[in-house]
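> mind folding the following:
(4 chains)
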There are 2 protein chains.
Amino acid sequence: MAARNPDKPAAREPKAAKKRGAVPRRPGRPTGGASAVDQRNRLIDSALALFAQQGIADTTLAAIAKAAGVTPAMLHYYFKTREQLLDVLIDERFLPVRKSIEEVFEANADDPAAAISLLVQRFMSIAEEYPWFASIWMRGVLSEGSLLKDRIRERFGDAHQKSAFQCIVRWQAEGRLSADLEPALVFMSLLGLTMLPLTAVKMWRDDPLRRELGAKEIARHALALLMHGVGPQLPAGKKLKKQVS
Amino acid sequence: MAARNPDKPAAREPKAAKKRGAVPRRPGRPTGGASAVDQRNRLIDSALALFAQQGIADTTLAAIAKAAGVTPAMLHYYFKTREQLLDVLIDERFLPVRKSIEEVFEANADDPAAAISLLVQRFMSIAEEYPWFASIWMRGVLSEGSLLKDRIRERFGDAHQKSAFQCIVRWQAEGRLSADLEPALVFMSLLGLTMLPLTAVKMWRDDPLRRELGAKEIARHALALLMHGVGPQLPAGKKLKKQVS
DNA sequence: ATATTAATTAACTAGGTAATTAATATACGG
DNA sequence: CCGTATATTAATTACCTAGTTAATTAATAT
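Modelled structure (predicted):
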């Protein structure tokens, strides 16, 4: 919570100062156009964007309202409390995405290489469609205490997680997956090779060396690492394996 | 309390009834033991622990003082301001560690595999010696705006980062490192396979499947992945189903 | 006309927050 | 054994902030 603001805006006077010569947006029901359900979705979108940018704990209702061009009271009108806004976010936005991730694992329970590479690609397409996802998830991984993770587990359970774990153990037993891997860390590694860089590149917009990086490069890099490690692919041999792009 | 009217009692009575019958710790120079430099270090340690736990922005001076069992005024005494505390943290704790990371890269500029595996091990020993490091660094990677990253760069520059980048490019040109890797993402991948899980496991203390994970398991897993990818290693002397990679 | 809905303004509540002071207790050099 | 330097607490100052509610206004539907 940044509370250190040296410039003092006087005291308790009426707000008066309306910037934005454009449209001061007078009170009362607005004319036509934006339906209630649209407004609600716009508020949710604003909330997700800000949560991704600065974290959940550091985002106030006032900030969300401002980003959406409305007053804080609107948030209460549509979501009643801050807590309920979080619940709505989880139910309507997070759970569907998470489900689509787990589906990939379950649809390829008999082919580790396919499961992993499809998972990487799924991560990438999710990140493209929902720009808030990577950042919020990564933030969730390194705490945010109970704000999201516990809440999600509460609504979702961890049955899927367990079955994925057993899947990995089975692959190893069948000799189809490196036995040196730690089953409980496989998923975290995928995160670390996809969601983490995806989140990081957003902070690199002004770094000359890394400005050009996008989802495509990240996916290529992650898949190369996952499939062969860091070593060169043709170790002095002549046999050219076919290279999947 | 935004009370506009401060009817001043002005009298300075002791707060009375301090909880904790133990030791209310009256003012005045304490008897023996804790030297000034010890106290200073204890305060720094408390700050780092809290920063790692809840992030820098969400940690107040009062919280740090409380964690160290002293009053907020102590922080003022030793560090003058919050900003200066951050500067001290960076100079005395962060930069030495970061330097020790970059040394590994430079000491092994002619051997990619050694550089990478030593780097992984260095990460692990750092994380063991300085439990705050992984969490604070990871938080820094995904934003915290300018709180740390810019400050560190200001004091440290990014010459090392650039030379590491060129080192990777050279390895690729020499055919000693997979050409499918993205040079700018190699370091991030190491982070994602070490610091990220290290940070995450601290949150998994109550997860039955993942409670047992420690630095050793993470290092093993990361090295396996980095060296060979997810595929099974071909054990000598036994033929197994052909794996078209 | 009336009721309902969507939205705004303005204020209130309750709690931080960093910084600084005055008082106080001990340690230490002379 | 006394004065001064050091270390520490209690208390205060002077703010800022967030979430929430109440009153109100205007557009629309009945």
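
> output the least confident helix or strand in chain A by mean pLDDT in CSV with nothing but the alpha carbons.
Least confident helix or strand, chain A: helix A:149-156 with a mean of 82, by mean pLDDT, DSSP states H and E. C-alpha atoms of helix A:149-156 as CSV (Å, rounded to 0.1, in the frame of the first residue of the first chain):
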residue,chain,number,x,y,z
LYS,A,149,-5.5,-20.3,-4.4
ASP,A,150,-7.5,-21.4,-1.4
ARG,A,151,-10.6,-19.9,-2.8
ILE,A,152,-10.1,-21.8,-6.1
ARG,A,153,-9.4,-25.0,-4.4
GLU,A,154,-12.5,-24.6,-2.3
ARG,A,155,-14.6,-24.4,-5.5
PHE,A,156,-12.7,-26.8,-7.6
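
> what comes up buried for the helix or strand following that helix?
Per DSSP states H and E, the first helix or strand lying C-terminal to helix A:149-156 is helix A:159-173. Neighbour counts over helix A:159-173 (16 or more other Cβ atoms under 10 Å in any protein chain shown) mark A:160-161, A:164-165, A:167-168, A:171-172 as buried. C-betas here are computed from N, CA, C, even on glycine.

> save these as a markdown table, and put in distance to DNA strand C and pLDDT too.
Compiled in a markdown table, the buried residues of helix A:159-173 are given as follows (distance: Cβ to the nearest atom of the strand, whole Å; pLDDT from 0 to 100):
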| residue | distance to DNA strand C | pLDDT |
| --- | --- | --- |
| A:His160 | 37 | 87 |
| A:Gln161 | 34 | 86 |
| A:Ala164 | 39 | 92 |
| A:Phe165 | 39 | 93 |
| A:Cys167 | 44 | 94 |
| A:Ile168 | 42 | 95 |
| A:Trp171 | 47 | 96 |
| A:Gln172 | 47 | 97 |
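
> closest one to B:Thr59 out of the residues you listed, please.
Of all those, A:Gln161 has the smallest distance to B:Thr59: 31.1 Å, by Cβ to Cβ.

> show the contacting residues for the closest one.
Residues in contact with A:Gln161, defined by Cβ atoms under 8 Å, 6 or more residues apart in numbering or on different chains, are A:187, B:209.

> how close does it sit to B:Val169?
Applying Cβ to Cβ, to the nearest Å, the value for A:Gln161 to B:Val169 is 39 Å.

> likewise for A:Asp206?
With Cβ to Cβ as the criterion, A:Asp206 and B:Val169 are 21 Å apart.

> now swap in A:Ile101 and tell me
34 Å.

> let me have the buried residues of helix A:159-173 in CSV, extended by distance to B:Gln84.
Shown next, in CSV, are the buried residues of helix A:159-173 (distance: Cβ to Cβ, whole Å):
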residue, distance to B:Gln84
A:His160, 48
A:Gln161, 45
A:Ala164, 48
A:Phe165, 47
A:Cys167, 52
A:Ile168, 48
A:Trp171, 53
A:Gln172, 52
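
> now A:Ala67: which helix or strand?
A:Ala67 is part of helix A:61-68 when elements are defined by DSSP H and E.

> now for that helix, which elements pack on it?
Counting contacts by 3 or more Cβ pairs under 8 Å, 6 or more residues apart in numbering or on different chains; DSSP states H and E, helix A:61-68 is packed against helix A:36-54, helix A:72-79.

> and the longest one, what's buried?
Same thing as helix A:36-54. For helix A:36-54, a neighbour-count test (16+ other Cβ under 10 Å) marks A:39-40, A:42-44, A:46-54 as buried.

> near DNA strand C too, which of those residues?
Taking Cβ under 7 Å from any atom of the strand as the test, DNA strand C is in contact with A:Gln39 out of these.

> from the middle of its chain, how far away would stretch A:228-235 be?
Distance of stretch A:228-235 from the chain centroid (Cα atoms, centre = their mean, to the nearest Å) equals 31 Å.

> rounded mean pLDDT for it, please.
Mean pLDDT, stretch A:228-235: 78.

> list of residues touching it?
Residues outside stretch A:228-235 that contact it (Cβ under 8 Å, 6+ apart): A:240-241, A:243, B:112-113, B:116, B:175-181, B:186, B:225-229, B:231, B:245.

> now the angle between helix A:159-173 and the least confident helix or strand of chain A, please.
Calculated by axes from the mean of the first three to the mean of the last three Cα atoms, to 10 degrees, helix A:149-156 forms an angle of 90 degrees with helix A:159-173.

> now what about helix A:149-156, what contacts it?
With contacts defined as Cβ under 8 Å, 6+ apart, helix A:149-156 is touched by A:86-87, A:90-91, A:94-95, A:98, A:140, B:203.

> let's see it at 10 Å
With Cβ atoms under 10 Å, 6 or more residues apart in numbering or on different chains as the test, helix A:149-156 has contacts from A:83, A:86-87, A:89-91, A:94-95, A:98-99, A:102, A:137, A:140-141, A:143-144, A:146, A:158, A:161, B:203.

> narrow those residues to those in helices?
Judged by DSSP state H, the contacts of helix A:149-156 include A:83, A:86-87, A:89, A:95, A:98-99, A:102, A:137, A:140-141, A:161 as members of helices.

> which one of the residues you listed has the most neighbours?
Of all these, A:Trp137 has the most neighbours under the rule other Cβ atoms under 10 Å in any protein chain shown, reaching 24 neighbours.

> residues in contact with A:Glu212?
Shown in contact with A:Glu212 (Cβ under 10 Å, 6+ apart): A:201, A:204, B:182, B:184.

> which element is the residue nearest the centre of chain A on?
In chain A, the C-alpha nearest the mean C-alpha coordinate belongs to A:Phe133, at 1.6 Å (Cα atoms, centre = their mean). Here A:Phe133, judged by DSSP H and E, is contained in helix A:132-141.

> and that helix, what other elements does it pack with?
helix A:36-54, helix A:95-107, helix A:112-129, helix A:149-156, helix A:183-193, helix A:195-201, helix B:131-141, helix B:195-201 (3 or more Cβ pairs under 10 Å, 6 or more residues apart in numbering or on different chains; DSSP states H and E).

> so for stretch A:86-97, mean pLDDT?
Mean pLDDT, stretch A:86-97: 93.

> outside of it itself, list whatever touches it.
A:40-41, A:43-45, A:47-48, A:51, A:56, A:78-81, A:98, A:122, A:126, A:129-130, A:132-133, A:136-137, A:140, A:147-148, A:151-152, A:154-156.

> which of those are close to DNA strand D?
Applying Cβ under 7 Å from any atom of the strand to the contacts of stretch A:86-97, one finds that A:80-81 fall near DNA strand D.

> okay, now the unreliable bits of chain A?
Chain A contains residues with pLDDT under 70 at A:1-25, A:27-29, A:31-36, A:144-146, A:234-245.

> care to break it down by domain?
For chain A, automatic domain parsing gives the domain ranges A:39-80, A:94-228.

> quick one: which of these is nearest B:Leu61?
domain A:39-80 (17.7 Å).

> what is the neighbour count of A:Trp204?
Counted with other Cβ under 10 Å, A:Trp204 comes out at 16.

> check contacts around the closest residue to it other than its chain neighbours.
Distance criterion Cβ to Cβ, 6 or more residues apart in numbering or on different chains; nearest residue to A:Trp204, sequence neighbours excluded, is A:Arg210 at 4.4 Å. If you count contacts by Cβ under 10 Å, 6+ apart, A:Arg210 has them with A:197, A:200-201, A:203-204, A:217, B:161, B:165, B:182-185, B:188.
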